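*Asks:* any chance you could fold what I've pasted below:
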Amino acid sequence: MNIGLVLSGGGIRGVAHIGAIKALEEHGIFPTHIAGTSAGAVVGALYASGASWSEILHFFKTIPLFRTQNYARSKPGFFDTEKYYENFKEFFPVDDFSALKKPLYVTATDIIRGTLKVFHKGQVIRPVLASATFPGMFTPMKIGDAYYVDGGVLNNFPIEPLKKKCDRIIGSYVNALKKIRIEDLKHSYTVVERAYKLKSASESMLKFDECDMIILPEGLSEFGTFDMNSIDAIFDLGYLTTKKILDENGGAFPVKAD
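*Replies:* Presented below is the predicted three-dimensional model:
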């Protein structure tokens, strides 16, 4: 059976995907095909490379995300995405999708053309970096003649590449909306940001019914996009949520209602 795993974006909340993978494997479920965007692309790519959940978690804990040597110079962004390339070389000694142990699909947004690109062949590190390039924070990644940013801008739950290739699909979504009050919308930019998040979330949720199992860890919205101090708590939420779903269904996929 081919089992697809869809991993959404969500910044450091993507660590919950790692917890989900641990729980799935403990129940004998090993996804064969991976699709991811942004943080989900990073987790998915490392998993597709053959890395264990513990190795992926260690990577997130140790990557030098905000070091001064990664500052961008004369580029649009605070940190230069190109400078993170070497951090991935250990996991991808052969920088090519064909060298991965599982088929992988990574999405990124062409910031000039306004189109979504699905990467699944050729070099793998640069597309993964491109997919995780949070707009404004990290500089666009050049691949060929195009410049790419976060795949979540246009598709934060890329189930599409897996639908014709997998018998069952598991979705892990870690970008849940935070409950707010009108008092929280103090500035024009907070209203714009809220509207953007609503659009992204609604487009993703429309696809949940296409999954045989959907993992939605409650409480993730309380953590910031770059809350590096909460990695263990985020991991635990992903693990416990997934374990609960599987335990309640006898360790198997939940039965979908017709």
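
*Asks:* would you mark the buried spots in the helix or strand that contains Ala23?
*Replies:* Using DSSP states H and E, Ala23 sits in helix 15-26. For helix 15-26, the neighbour count (16 or more other CB atoms under 10 Å) marks 15-24 as buried. Backbone N, C-alpha and C define where each C-beta goes, glycine included.

*Asks:* same check on stretch 46-54?
*Replies:* For stretch 46-54, by 16+ other CB under 10 Å, it's 46-49, 51, 53.

*Asks:* please apply the same query to stretch 67-81.
*Replies:* By 16+ other CB under 10 Å, the buried positions in stretch 67-81 come out as 70, 72, 77, 79-81.

*Asks:* start and end of that stretch, how far apart?
*Replies:* 12 Å (CA to CA, to the nearest Å).

*Asks:* hmm, back to that, which of the buried residues of stretch 46-54 fall in helices?
*Replies:* Applying DSSP state H to the buried residues of stretch 46-54, the entries found in helices are 46-48, 53.

*Asks:* does Ile63 really touch Asn87, like I thought?
*Replies:* Yes. Using CB atoms under 8 Å, Ile63 is in contact with Asn87, at 5.5 Å.

*Asks:* got a list of what Lys163 touches?
*Replies:* 4, 169, 210 (CB atoms under 8 Å, 6 or more residues apart in numbering).

*Asks:* swap in Leu65?
*Replies:* Residues in contact with Leu65 (CB under 8 Å, 6+ apart) are 79, 226, 228.

*Asks:* just the pLDDT for it.
*Replies:* Here, the pLDDT recorded for Leu65 equals 74.

*Asks:* again with Cys166
*Replies:* At Cys166, the pLDDT value in this model is 97.

*Asks:* quick check: closest non-adjacent residue to it.
*Replies:* Gly4 (3.5 Å; CB to CB, 6 or more residues apart in numbering).

*Asks:* and the gap between the nearest residue to Arg113 once chain neighbours are set aside and Ala41?
*Replies:* Leaving aside its sequence neighbours, Arg113 sits nearest to Ala146 (CB to CB, 6+ apart; 7.0 Å). Distance, Ala146 to Ala41, using CB to CB, to the nearest Å: 17 Å.
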